[in-house]
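Novice: Just to be clear, the model below is a prediction. Sequence and coordinates:
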Amino acid sequence: MSRTRFHERFVAPANDQALRAAVPQDTEPVFMARLVLKFGGTSVADIDRIRNVARHVKREVDAGHDVAVVVSAMAGRTNELVGWCREASPIHDAREYDAVVASGEQVTAGILAITLQGMGVNARSWQGWQIAIKTDGAHGAARIQEIDASDIIRRFEDNQVAVIAGFQGIAPDNRIATLGRGGSDTSAVAVAAALGADRCDIYTDVDGVYTTDPRIEPKARRMARISFEEMLEMASLGAKVLQVRSVELAMVHKVRTFVRSSFDDPDAPGMGDFDNPPGTLICDEDEIVEQQVVTGIAYARDEAQISLRRVADQPGVAAAIFGPLAEAGVNVDMIVQNISESGASTDMTFTVPAGDLGKATAVLDRAKAEMRYDTIQSEQGLTKVSVIGVGMRSHTGVAATAFKALADRGVNIRAITTSEIKISILIDGDYTELAVRALHSVYGLDKG
Ligand code: ADP
Ligand code: ASP
Ligand code: MG
């Protein structure tokens with residue numbers, strides 16, 4: 001049993017290899033693999049769609065594969081449940097929040113198992129605690145630490161499909177924990193790692209990962225492959241097609257992960273292709289033959305900017321400001337500090353998610369004396385647009401191209417941060433579509 005640097009422990013039965021090799025001798029040789037299929041909210045939005053999902057599952061079962069399925073709550077359900085918690089009490093116990101919001105996935109898992117059984121497929125539902133998917137104690141944003149997949153693997157011998165409720169696990173306090181919004185992706189990849197699955201297919205409402213969100217830019221192109229690193233940046237900079245943590249797990253545990261559409265006809269030619277299913281493969285950089293300088297554009301709305309004016313220009317001031325914010329769980333992102341003209345004071349500007357603005361200003365107000373600033377200004381309704389590509393490591397002028405494209409369209413730049421493979425630019429939210437499309441076009445990502 002090995003521990004990774006993420007400290008997860010995924011357990012398979014000792015005789016797993018023997019179980020895998022159990023191909024019947026007297027039949028045609030078939031290629032039996034182990035697959036995890038994940039279906040997101042829109043894919044399971046109603047009973048008709050769940051029936052369609054069941055046909056995808058049945059196709060893989062009929063092909064002789066061992067199949068585990070991970071499901072999300074029906075579209076809109078988690079938002080509704082979150083809303084109920086807030087309505088009951090704006091400030092609430094995170095353990096009870098988890099008990100409420102985890103219920104959406106439980107419903108879908110049961111309904112899909114019933115639907116599969118109705119089609120003659122042996123299936124049963126699993127909640128996180130039954131497997132068990134063990135998490136840490138960070139209710140509402142828990143991380144998976146350990147999965148014991150042995151029971152599920154043993155049941156593959158009876159051709160039983162495991163239908164697993166995504167987004168949830170069991171915390172050390174023996175209470176249900178959820179993995180943060182979009183967390184079913186992470187459940188799926190973690191289960192795939194625990195099962196030693198040959199592939200993890202993330203079925204969603206788009207047929208792969210695009211050069212930018214196809215809802216904003218119809219000219220976006222689907223990528224056949226994208227590297228783990230680029231996908232990590234895309235996801236953490238706002239492309240919600242995959243939860244960030246799921247990409248980290250896929251990278252560390254070498255899970256072969258595809259993003260594909262659940263709306264395709266389950267029985268269309270090529271849908272069951274083992275090596276090249278339709279969709280986007282998330283893979284190592286060296287598996288990508290034609291590397292572009294810029295791979296994609298991501299955006300995150302609802303950013304807020306806070307400026308502290310006339311902050312004392314002395315050692316320790318930044319620590320005095322950002323320490324208490326971190327302790328309060330405020331997620332600070334872009335930080336810009338000007339060079340002080342007078343030598344006595346300077347301005348400090350940074351961004352936080354708009355939802356954290358109230359908490360952040362309360363912390364800043366409380367600690368004004370130690371933080372040594374004069375006034376606070378804040379603004380909401382901002383968007384961070386980001387240009388991503390591993391090719392930036394070896395190319396110059398990528399940032400200048402972005403700045404010019406935005407300037408030509410009269411988009412004002414409020415803050416900039418860069419790393420080796422990305423440039424992020426803060427702009428007014430009203431210009432989101434314009435900026436995304438301008439950047440998408442200027443790097444030649446438009447199709448046709
Ligand atoms: P699910 O409910 O299946 O988990 P999500 O809504 O979480 O689906 O993620 C799919 C959505 O992600 C798409 O509908 C699309 O609008 C959005 N998206 C954002 N950026 C991208 C991108 N670069 N490629 C594909 N989809 C993207
Ligand atoms: N249902 C959860 C959410 O809406 C988890 C997921 O769909 O991945 O965030
Ligand atoms: Mg999602």
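Specialist: Perfect, I can see it now. Ligands and ions are numbered 1, 2, ... in the order given.
Novice: for the helix or strand hosting residue 164, packing partners?
Specialist: Per DSSP states H and E, residue 164 falls inside strand 161-165. Identification of packing neighbours for strand 161-165 by 3 or more Cβ pairs under 8 Å, 6 or more residues apart in numbering; DSSP states H and E yields strand 66-71, helix 103-118, strand 123-126, helix 128-131. All C-beta atoms are positioned from the backbone trio N, CA, C, and that covers glycine.
Novice: So for the first one, could I get the coordinates as PDB, restricted to C-alpha?
Specialist: Output of strand 66-71 as PDB, limited to C-alpha atoms (Å, rounded to 0.1, in the frame of the first residue of the first chain):
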ATOM      1  CA  ASP A  66     -16.200  -4.000 -15.200                       C
ATOM      2  CA  VAL A  67     -18.000  -0.700 -14.700                       C
ATOM      3  CA  ALA A  68     -18.300   1.700 -11.800                       C
ATOM      4  CA  VAL A  69     -20.500   4.800 -12.300                       C
ATOM      5  CA  VAL A  70     -20.300   8.100 -10.400                       C
ATOM      6  CA  VAL A  71     -23.200  10.400 -10.500                       C
END
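Novice: from the chain's centre, how far out does the very next helix or strand once past that strand sit?
Specialist: Going down the chain from strand 66-71, the next helix or strand is helix 77-88, by DSSP H and E. Once both centres are worked out by Cα atoms, centre = their mean, to the nearest Å, helix 77-88 turns out to sit 21 Å from its chain's centre.
Novice: okay if I get the helices and strands packed on strand 161-165 as a markdown table plus mean pLDDT?
Specialist: Listed next are the helices and strands packed on strand 161-165 as a markdown table, based on pLDDT from 0 to 100:
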| stretch | mean pLDDT |
| --- | --- |
| strand 66-71 | 98 |
| helix 103-118 | 98 |
| strand 123-126 | 98 |
| helix 128-131 | 98 |
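Novice: of all those, which lies closest to ligand 2?
Specialist: helix 103-118 (5.6 Å; Cβ to the nearest ligand atom).
Novice: need the contact list for residue 430.
Specialist: Contacts for residue 430 (Cβ atoms under 8 Å, 6 or more residues apart in numbering) come out as residue 381.
Novice: How about the secondary structure of it?
Specialist: In three-state terms, and counting by DSSP: H, G, I helix; E, B strand; the rest coil, residue 430 is helix.
Novice: quick revisit: and among the helices and strands packed on strand 161-165, the most buried is which?
Specialist: Stretch with highest mean neighbour count among those: strand 66-71 (a mean of 29; mean count of other Cβ atoms under 10 Å).
Novice: ok, back up a step: residue 375 is nearest to which of the helices and strands packed on strand 161-165?
Specialist: Nearest of the helices and strands packed on strand 161-165 to residue 375, taken as Cβ to Cβ: helix 103-118 at 44.0 Å.
Novice: any weak-confidence spans in this structure?
Specialist: Applying pLDDT under 70 to the chain flags residues 1-9, 11-15, 17-31, 448.
Novice: which strand is the longest one in it?
Specialist: With secondary structure taken from DSSP state E, the chain has its longest strand at strand 296-312.
Novice: Render the CA-only coordinates of that strand in CSV, please.
Specialist: Provided in CSV are the C-alpha atoms of strand 296-312 (Å, rounded to 0.1, in the frame of the first residue of the first chain):
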residue,chain,number,x,y,z
GLY,A,296,-6.9,28.1,-24.2
ILE,A,297,-8.6,31.1,-22.6
ALA,A,298,-10.4,30.8,-19.2
TYR,A,299,-12.4,33.3,-17.2
ALA,A,300,-13.7,33.7,-13.7
ARG,A,301,-16.5,36.1,-13.0
ASP,A,302,-17.5,37.6,-9.6
GLU,A,303,-14.1,38.8,-8.5
ALA,A,304,-13.8,41.7,-6.2
GLN,A,305,-10.9,44.1,-5.8
ILE,A,306,-9.8,45.6,-2.6
SER,A,307,-7.3,48.5,-2.5
LEU,A,308,-5.7,49.7,0.7
ARG,A,309,-4.5,53.3,0.3
ARG,A,310,-1.3,54.7,1.9
VAL,A,311,-0.1,51.5,3.6
ALA,A,312,3.1,52.1,5.6
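Novice: What is it packed up against?
Specialist: Strand 296-312 makes packing contacts with helix 228-236, helix 317-327, strand 345-353, helix 357-366, strand 375-388, helix 432-442 when contacts are defined by 3+ Cβ pairs under 8 Å, 6+ apart.
Novice: Pairing partners for it, with directions?
Specialist: Paired neighbours of strand 296-312 in the sheet (DSSP bridges): strand 345-353 (antiparallel), strand 375-388 (antiparallel).
Novice: Just send these back as CSV, with distance to ligand 3 and mean neighbour count too.
Specialist: Converted to CSV, those look like this (distance: least, Cβ to the ion, whole Å; neighbours: other Cβ atoms under 10 Å):
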stretch, distance to ligand 3, mean neighbour count
strand 345-353, 18, 20
strand 375-388, 19, 19
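Novice: looking at those, which is closest to ligand 1?
Specialist: strand 375-388 (9.7 Å).
Novice: The closest one vs helix 357-366, what angle?
Specialist: Angle, strand 375-388 to helix 357-366, by axes from the mean of the first three to the mean of the last three Cα atoms, to 10 degrees: 140 degrees.
Novice: Give me the nearest residue to residue 282, chain neighbours excluded.
Specialist: residue 257 (4.6 Å; Cβ to Cβ, 6 or more residues apart in numbering).
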